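Student: Would you be able to build a 3D model of this:
(one chain, ligands or ions: 2)
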Amino acid sequence: MLTISKEFHFSASHVLDRLPGWHPCARMHGHNYVVVLELSARREDLAETGFVRDYRELDIFKKWMDDTLDHRHLNEAMGEGLPPSAENLAAWIFDLWIERFPELTAVRVSETPKTWAEYRPER
Ligand SMILES: Nc1nc2c(c(=O)[nH]1)N=C([C@H](O)[C@H](O)COP(=O)(O)OP(=O)(O)OP(=O)(O)O)CN2
Ligand SMILES: [Zn+2]
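Tutor: Ligands and ions are numbered 1, 2, ... in the order given. Predicted coordinates for the structure are as follows:
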C-alpha cells in the first residue's frame, strides 16, 4: 500500500462532562487541535498522476474544518451527545469524510503536543 497524509489545525473549546468532577478536563478548556488525514491506495490503483490523491483536493476538508470546528465549542459543533474526546472526534471526522474520500484509512487527532488518538477501522 502507498499512504499519504496531510495535517490540519484548528482551535476549539470542549468540556468532557462525563469525567468525574475532580478531573481538570471536566471543566471548559481549549486546545490547538491537530488533525491528520491518512489516505491509502494499492500501487496498481494509483492515479495516472502517480498520486493516491492530490493533496490539494483536501483543501475542501480544510474549509469544512475552518467553518465547522475552528473557534467553536466542540460539544455543540459535534452534536450527537457524544463526549468530544480526541477518540470520538477522530471517528466522527472519519465517518463524515469517508464517502467524499474513499481512500481515507485513518484520522488522527492531537489535543496537546504529547497526545494522539487514531481511528483506523478494519477494512
Ligand atoms: N484517552 C483520552 N484521554 C484524555 C483525553 C482524550 O480525549 N482522550 N482528553 C483529555 C483532555 O481533554 C486534554 O487532552 C488534556 O490531556 P492531558 O494529557 O491531561 O493534558 P495536559 O497538558 O494537562 O498534560 P500534562 O501531562 O500536564 O502535559 C484528558 N485525557
Ligand atoms: Zn481537552
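
Student: any idea how far stretch 48-65 is from the chain center?
Tutor: Stretch 48-65 has its average C-alpha position 15 Å from the chain's average C-alpha position, going by C-alpha atoms, centre = their mean, to the nearest Å.

Student: what residue ranges in this protein are flagged as low confidence?
Tutor: With pLDDT under 70 as the threshold, the chain has no low-confidence stretch at all.

Student: Kindly report the residues of it close to ligand 1.
Tutor: Taking C-beta under 6 Å from any ligand atom as the criterion, the neighbours of ligand 1 within the chain are 16, 25, 85-87, 111-112, 114-115, 117. In this view, the C-beta of every residue, glycine as well, is placed from N, C-alpha and C.

Student: and which of the residues you listed is nearest to Leu37?
Tutor: Sorting the residues of the chain next to ligand 1 by distance to Leu37 puts Ala117 at the head of the list, at 14.0 Å, by C-beta to C-beta.

Student: Just grab the bridge partners of that closest one for me.
Tutor: Val109 (DSSP bridges).

Student: partner strands of the helix or strand harbouring Leu37, parallel or antiparallel?
Tutor: Per DSSP states H and E, Leu37 falls inside strand 29-41. For strand 29-41, the paired strands and their directions (DSSP bridges) read strand 2-14 (antiparallel), strand 104-110 (antiparallel).

Student: hey, what's the residue nearest to His71 when sequence neighbours are not counted bridged with?
Tutor: Taking C-beta to C-beta, 6 or more residues apart in numbering as the measure, His71 lies nearest to Ser11, with 6.0 Å between them; neighbours along the chain are not counted. Partner residues in beta bridges with Ser11, using DSSP bridges, are Asn32.

Student: try Ala41
Tutor: For Ala41, the residues forming beta bridges with it (DSSP bridges) are Leu2.

Student: which ones are touching it?
Tutor: 1-2, 52-53, 103 (C-beta atoms under 8 Å, 6 or more residues apart in numbering).

Student: Nice, that's everything, thank you.
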